[in-house]
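Q: need coordinates for the below:
(one chain, ligands or ions: 1)
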Amino acid sequence: PEGPPFLERWDVVRLIGRGGFGEVHEVRTDTGVTCAAKTLRLPVQLGDELLSMSSEIHRAVESERNLCRLRHTNIVRFLHIAQPEPATVVVFMELLNGRSLERFIDKKPLDEVTIRDFSKQICRALLYLHSRQPPVIHRDINCSNIIVCADNTRIKLIDFGLSIKLEQSVSHILTSTQSPKGTLNFMAPELLGAGESDSVQYSRESDIWAFGCSVYQMVSGARPFADARNFLGMAQLIERRGAPVLPDGRSAELRDFHSRCTAKDRRRRKSAQELLEHEFLTDRKLQLGFFSSF
Ligand SMILES: Nc1ncnc2c1ncn2[C@@H]1O[C@H](COP(=O)(O)OP(=O)(O)OP(=O)(O)O)[C@@H](O)[C@H]1O
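A: Numbering: from 1, shown residues only. So this is what the prediction gives:
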């Protein structure tokens, strides 16, 4: 990490968008760096516990600083994480030009060549993260957290579940507890089983499940488990129907690939390395465009 991209201050250039815990702005710092800044405001009440909460958030921020060491072409570059106020964290990142995969899909199925290209890039990013020491778990893979760059071919993972981690670090003093940790529709069955307790164990395998759910959305145009309303509903849906089933008309290779990501038993899910070797990603037929007319 190269230290903060500012000396003392930064100015907002424009609002890029709002999320669950705050906003993302384009900012320009006093050292002339233009970047994206995501502000996370934790919903805590300022009271007696302010000091202990502030230091717990500080500890969580410190433990996330390794994000600034990540260097991968399919992962947004994290520049710095600051805590300007006790319950406010600002994440400075490379400013990306593009739109989320969610918006790129825009409810319309993608062709298999595009699904393969995007999947390969996501798997490469996951392999990089999951093979670091200690492994980095994304925790919030979903189509809103995958950016398709303006060239429409390169993708980048953004928004590692930092808000989830921060929220967990102060969960015992949070004033609002109803917000789901992570995007419900993409949560692996083992996370749902753990309910809202602190013991939720995000893992390489829960990232792979969420990636499989993103594949489903690229294939079908719709979010998986679109009718799920809460933890219990999701858990029941998975128990009854298993992973979301891909619509007809897709290749056997893609079907198999998706099923290897979304095995209900996390031990049976393939790793990012194994997925990169799967015939859906290496298949010559696809490279020749046999399925591109779908
Ligand atoms: N580094 C970046 N460069 C450009 N745009 C970004 C960057 N990071 C996020 N964005 C965009 O900012 C907007 C808001 O992002 P944010 O992550 O806050 O939304 P969200 O995913 O809905 O929120 P959350 O997951 O925190 O509930 C989104 O449109 C996202 O694509």
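
Q: quick one, helices of the stretch 151-294 of the chain?
A: 162-169, 189-193, 204-220, 231-241, 252-261, 272-276, 279-282, 284-287 (DSSP state H, counting those that start in this stretch).

Q: highest mean neighbour count out of these?
A: A comparison of the helices of the stretch 151-294 of the chain by mean neighbour count, using mean count of other C-beta atoms under 10 Å, puts helix 204-220 on top with a mean of 24. (Glycine included, C-beta is placed from N, CA and C.)

Q: what is the mean pLDDT for that one?
A: Taken as a whole, helix 204-220 carries a mean pLDDT of 97.

Q: and it, what does it pack onto?
A: Counting contacts by 3 or more C-beta pairs under 8 Å, 6 or more residues apart in numbering; DSSP states H and E, helix 204-220 is packed against helix 101-105, helix 112-130, helix 189-193, helix 252-261, helix 272-276.

Q: out of the helices of the stretch 151-294 of the chain, which gets nearest to the ligand?
A: helix 162-169 (5.2 Å; C-beta to the nearest ligand atom).

Q: any bit of that closest one sitting next to the ligand?
A: Yes: Helix 162-169 is in contact with the ligand by C-beta under 6 Å from any ligand atom, via residue 163.

Q: is it true that residue 193 touches residue 234?
A: No: contact criterion C-beta atoms under 8 Å: residue 193 and residue 234 do not qualify, at 10.4 Å.

Q: contacts only, for residue 223.
A: Listed by C-beta atoms under 8 Å, 6 or more residues apart in numbering, the contact partners of residue 223 are 143, 185, 213, 217.

Q: show me which residues of the stretch 51-200 of the chain are close to the ligand?
A: The stretch 51-200 of the chain comes close to the ligand at residues 76, 93-96, 100, 144-145, 147, 158-159, 163, as judged by C-beta under 6 Å from any ligand atom.

Q: how about 5 Å then?
A: 93, 95-96, 100, 144, 158-159 (C-beta under 5 Å from any ligand atom).

Q: and residue 170, how far from residue 206?
A: Using C-beta to C-beta, to the nearest Å, residue 170 is found at 22 Å from residue 206.

Q: now residue 51
A: For residue 51 relative to residue 206 (C-beta to C-beta), the value is 33 Å.

Q: cool, and residue 82?
A: 28 Å.

Q: now do residue 92
A: For residue 92 relative to residue 206 (C-beta to C-beta), the value is 27 Å.

Q: ok, residue 160 next?
A: The spacing between residue 160 and residue 206, counted by C-beta to C-beta, is 13 Å.

Q: on that earlier part again, pull the most distant pair out of the contacts of residue 223.
A: Using C-beta to C-beta, the contacts of residue 223 reach their maximum pairwise distance at 143 and 185, which is 9.8 Å.

Q: centroid residue for this protein?
A: Against the mean C-alpha coordinate of the chain, by C-alpha atoms, centre = their mean, the closest residue is residue 141 at 2.8 Å.

Q: SS state for that one?
A: The three-state assignment at residue 141 reads coil, by DSSP: H, G, I helix; E, B strand; the rest coil.

Q: what residues are up against the closest residue in space to it that isn't next to it in sequence?
A: Nearest non-adjacent residue to residue 141, counting by C-beta to C-beta, 6 or more residues apart in numbering: residue 210, 3.8 Å away. Applying C-beta under 8 Å, 6+ apart to residue 210 gives the contacts 138, 140-142, 182-183, 186-188.

Q: cool, and residue 14?
A: 25-26.

Q: that one belongs to a strand?
A: Yes: under three-state DSSP, residue 14 falls within a strand.

Q: by proximity to the ligand, which residue of this protein wins?
A: residue 19 (2.1 Å).

Q: report pLDDT for that residue.
A: 78.

Q: that one and residue 109: what is the separation?
A: Noted for residue 19: a distance of 26 Å to residue 109, by C-beta to C-beta.
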